[in-house]
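Q: Got a predicted structure plus its sequence, pasted below:
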Amino acid sequence: MLQIDNNGVENAIRPVAVGRKNYLFAGSHPAAQRAAMIYSLFATCRLHHINPYNWLKDVLQRMHLYTTNNIADLLPHNWSRHNDSASVM
């Protein structure tokens, strides 16, 4: 059955549209790229039902223990598999 409106889709993409507009005022192109990267990481946390605060706190505390070979373990989609305390939002 087709829905008569698309409010669900509009609500899902609203944060992306608002973020895109905010990046215009980031101060510089590199700053906007960094903001977009952080936004993407937080969106990945949301996708995997991870509390972004807990993820970021854990990553900042443990990142000095990782090398370039295993740094991908700290990305949200990998972190949830290896962390028993991955709390749901």
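A: Thanks, I have the structure now.
Q: where in the chain is pLDDT low?
A: Applying pLDDT under 70 to the chain flags residues 1-3, 23, 82, 84-89.
Q: where exactly do the helices run in it?
A: 7-22, 29-47, 52-62, 76-82 (DSSP state H).
Q: Present those as a markdown table; the columns should include mean neighbour count and distance to Asn70.
A: Backbone N, C-alpha and C define where each C-beta goes, glycine included. Output for those, formatted as a markdown table (neighbours: other C-beta atoms under 10 Å; distance: least, C-beta to C-beta, whole Å):
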| stretch | mean neighbour count | distance to Asn70 |
| --- | --- | --- |
| helix 7-22 | 11 | 30 |
| helix 29-47 | 14 | 17 |
| helix 52-62 | 15 | 11 |
| helix 76-82 | 15 | 10 |
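Q: can you redo these as CSV with distance to Asn69?
A: Below are those laid out as CSV (distance: least, C-beta to C-beta, whole Å):
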stretch, distance to Asn69
helix 7-22, 32
helix 29-47, 20
helix 52-62, 15
helix 76-82, 13
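Q: so who does the most centrally placed residue in the chain touch?
A: Central residue of the chain (C-alpha atoms, centre = their mean): Phe42, 1.8 Å from the mean position. Remark: with contacts taken as C-beta atoms under 8 Å, 6 or more residues apart in numbering, Phe42 is in contact with Pro52.
Q: mind checking how far it is from Thr67?
A: Phe42 is 25 Å from Thr67, where distance means C-beta to C-beta, to the nearest Å.
Q: Quick check, Ala32 in contact with Ala26.
A: Yes: between Ala32 and Ala26 there is a contact at 3.8 Å, judged by C-beta atoms under 8 Å.
Q: circling back: and the residue nearest to the centre of the chain, how close does it get to Asn6?
A: 24 Å.
Q: same check, this time on Leu24
A: Taken as C-beta to C-beta, the span from Leu24 to Asn6 is 26 Å.
Q: Please say which of the two ends up with more neighbours.
A: Asn6 (10 against 7; other C-beta atoms under 10 Å).
Q: any idea how far the more buried one is from Val16?
A: Remark: distance between Asn6 and Val16 (C-beta to C-beta) = 15 Å.
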